[in-house]
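S.K.: I'll drop the sequence and a predicted model, then ask my questions.
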Amino acid sequence: MGPVYDAVAFGMWTYTNAAFRVRVLGPRRFELAPGTLIVSTHRRETDVPVISPPLYFGARLWRDRSARMSFSARDDMFLPGFFAGFPPDLSPRARRLLYPLGVGRFLPRIQVHPISSASVARVGELARERPEAALAEVLPAEIAAELEARAAQRQLALPRRGRDILRGDYADLLWRPVSREDMPGPEEFWGRRAARAAADFRELVELVRGGGSLVVFPEGRPSPDGEIGPLRRGLAALVRRSRPRWFLPIGLAYDPLGAGRTRVFAAVGPRVDVPSADVGAATLALLKRATPLSCGQVVAHELLAGNAPSERSLATAVEAACDERRPVDPELLDPERRRARLADAVAAAARKPAELPFLAREYASARSSA
C-alpha cells in the first residue's frame, strides 16, 4: 500500500499544480496527531487532489506510514464505470471509452472508505440488481422514458430490460440517484443497502477511535451555489461515536477571476478542540471562518450589489478578514499587488459573468453567522 499511496500523493500534486495556481495558507509543517478528524469545505470535485498534497507533505507522511490519513468518499466511486458516468460534461464518445474502467478495487489501497446511503441508490445499481426485469419494474417511469429517448436519439435498440442499459451510451443516466421512496422494491436490495451503510459507518468510527486520522467533507457534496453548508446529519453521530481527539479544519476558495489558471487557496489548520456541544453548528462556524478571502469574492460581491469594485472596498474587506483572523490571499496584503489583482479580477469578471453568483454567495456565506 505504501508505494501506491505515495505515488497517488505525488500524482495529485502534479495534477493540481498543472491545472491551478495553488497557494497553501497556514503552517508548512505540522503534526497529524492520532485521532484527528480533518473537516474540509467542499467547493468542487477537485477538492481531494487540492487538499491531499498539503496534508501529505505538510505532515511528512512519507516518513511515517502509520500516521497516514484516510478518506471518506461517496460509495458510487466504487461502482463500475464511475469515470464515464459521474463527470457532467463528457462527450458520448468519451463515456463509451471510459465506461469499462473502474477504480473501486484500488481505492482501499490508498485508504479510501465508502460512505453508503441506506435510502438512495444509482440507476445502474438497480439495473444490475435485476438485469432480466423489464425497465418499468426496475426504474421510475420518468427515468425509463429518458433512457428510451436516449436510445431513439442515438439510433440504438430500444432498451427493454435492466441489462440493456448497462453500457457507456447511458453512463450519465446510470448515475442518476433514485430514492427508496421513488422505487420501493425490491426490499432485499434496500435491506442490503441499509446493512452496508451501517457497516460503512462502523468502519469509520472504528478507524478514528483506533487513532486513525480521517478526512471528511461534512457538506457531503460540492456547493452548487457558493453557500457554505448545510452539513449532513451524520457528522454529529460520527463525532459522538468515534470520539476524535482533534479537529483540523480546511477552508478552500477557488478564484477564477484573473488571467491564466484559476487560483486556489487552501487554508490548513491549526488543529482545534473537538466541539463539545452542537457539533453541526460549531463545525459550520469553523468551516466558514476557515474559508480564505479572495479578490474574486470581493469583486463579485461588489458587482452584484451594483457597486464598482474599488481599492477601498477591497482593502476594507482584507482589513476585516485580518481582524477576524480569517485566511487571506497573501497578494492582497500588499497594496501594490492588491491594485494589480483588482484590475485583473475586474477585467476577468466581464469575460466570466457566470462565475460571479457563486463567488458573491461564498463571500457572504463565509461572513454570515452559523
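M.R.: Arrived safely, thanks for sending.

S.K.: quick one: the strands in the stretch 101-250 of the chain?
M.R.: 112-115, 120-122, 177-179, 214-216, 246-255 (DSSP state E, counting those that start in this stretch).

S.K.: run through who's touching the second one.
M.R.: Where contact means CB atoms under 8 Å, 6 or more residues apart in numbering, the residues beyond strand 120-122 that reach it are 76, 79, 85, 174-180, 189, 193. For glycine as for every other residue, the C-beta is placed from the backbone atoms N, C-alpha and C.

S.K.: in helices only, show me those residues.
M.R.: With helices taken from DSSP state H, the overlap with the contacts of strand 120-122 comprises 85, 174, 189, 193.

S.K.: which of those tops the neighbour count?
M.R.: Greatest neighbour count in the ones in helices among the contacts of strand 120-122, by other CB atoms under 10 Å, goes to residue 174: 29 neighbours.

S.K.: need the strands of the stretch 101-250 of the chain in TSV (columns: mean neighbour count).
M.R.: Shown next, in TSV, are the strands of the stretch 101-250 of the chain (neighbours: other CB atoms under 10 Å):
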stretch	mean neighbour count
strand 112-115	20
strand 120-122	20
strand 177-179	14
strand 214-216	23
strand 246-255	24
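
S.K.: reformat the ones you listed as CSV; add distance to residue 291 and mean pLDDT.
M.R.: Listed next are the strands of the stretch 101-250 of the chain as CSV, based on distance: least, CB to CB, whole Å; pLDDT from 0 to 100:
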stretch, distance to residue 291, mean pLDDT
strand 112-115, 23, 94
strand 120-122, 28, 95
strand 177-179, 28, 95
strand 214-216, 17, 97
strand 246-255, 4, 97
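
S.K.: would you state the helices of the stretch 151-300 of the chain in chain order?
M.R.: With helices called from DSSP state H, counting those that start in this stretch, the stretch 151-300 of the chain shows them at 171-174, 187-209, 234-242, 279-290, 295-304.

S.K.: got these as a markdown table, with distance to residue 107 and mean pLDDT columns?
M.R.: Shown next, in a markdown table, are these (distance: least, CB to CB, whole Å; pLDDT from 0 to 100):
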| stretch | distance to residue 107 | mean pLDDT |
| --- | --- | --- |
| helix 171-174 | 19 | 96 |
| helix 187-209 | 13 | 96 |
| helix 234-242 | 20 | 95 |
| helix 279-290 | 25 | 96 |
| helix 295-304 | 33 | 98 |
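
S.K.: highest mean neighbour count out of those?
M.R.: Burial of the helices of the stretch 151-300 of the chain is given as mean neighbour count (mean count of other CB atoms under 10 Å); helix 295-304 ranks first at a mean of 25.

S.K.: tell me which other helices or strands the next helix or strand after it touches.
M.R.: Helices and strands here follow DSSP states H and E; after helix 295-304, the next one along the chain is helix 311-323. Packing partners of helix 311-323 (3 or more CB pairs under 8 Å, 6 or more residues apart in numbering; DSSP states H and E): helix 295-304, helix 335-351.

S.K.: what's the angle from helix 311-323 to helix 279-290?
M.R.: 130 degrees (axes from the mean of the first three to the mean of the last three CA atoms, to 10 degrees).

S.K.: coming back round to it: between the helices and strands packed on helix 311-323, which one is closest to residue 199.
M.R.: helix 295-304 (40.7 Å; CB to CB).
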